[in-house]
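Enquirer: pasting the structure only:
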């Protein structure tokens, strides 16, 4: 499973790992702490909020479960950048990567307010918080496949081809 691959690559970098899910039985075999969405229907922003609410560290790496090529060296680089932000978000090819980002617990209040206002656009947090943007120019080219996610059978085939190519 892709989620097992992600966990094995991230575990050495994180003292604490958790899963935000409303279907905990599907992930019980992973042996990780699981939390249901604090705000039902609040999309990815609600999931990130729930994760931050339940970690003890001052910041957390948020990853989606559909990143089969997640690169631990990239994650180590992101986590090693000076912690002078509320939100560290990569922008790759001009698109935000909010589920490949680092959030400080200082984001919680702004997230809660935004969710309660019905605004679920994660990128809007950059308007109210201390954001740090990372672009592909800041990264090693071999790290960029880490941002490749899968949403369709065609995506799965493309990821398989990338993995086979090294």
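Expert: Nice, I can see it. Treat the numbers as computed from the prediction; the structure is a model and nothing was measured. Numbers count the residues shown, from 1 in each chain.
Enquirer: any weak-confidence spans in the protein?
Expert: Confidence mapping of the chain against pLDDT under 70 gives the ranges 163, 166.
Enquirer: again, 80 this time
Expert: For the chain, residues meeting the criterion pLDDT under 80 lie at 1, 151-153, 155-156, 158-166.
Enquirer: tell me where it has helices.
Expert: If DSSP state H is used as the criterion, the helices of the chain fall at 2-10, 43-54, 72-80, 108-116, 125-128, 153-164.
Enquirer: and the fourth one, what's buried?
Expert: Buried positions in helix 108-116, judged by neighbour count with 16 or more other CB atoms under 10 Å: 110-112, 114-115. Every C-beta, even on glycine, is put in place using the N, C-alpha and C of the backbone.
Enquirer: what of stretch 75-85?
Expert: Of the residues in stretch 75-85, 75, 78, 85 count as buried by neighbour count, 16+ other CB under 10 Å.
Enquirer: next one: stretch 31-45
Expert: Residues of stretch 31-45 classed as buried: 32, 34-35, 38-39, 42, 45 (neighbour count, 16+ other CB under 10 Å).
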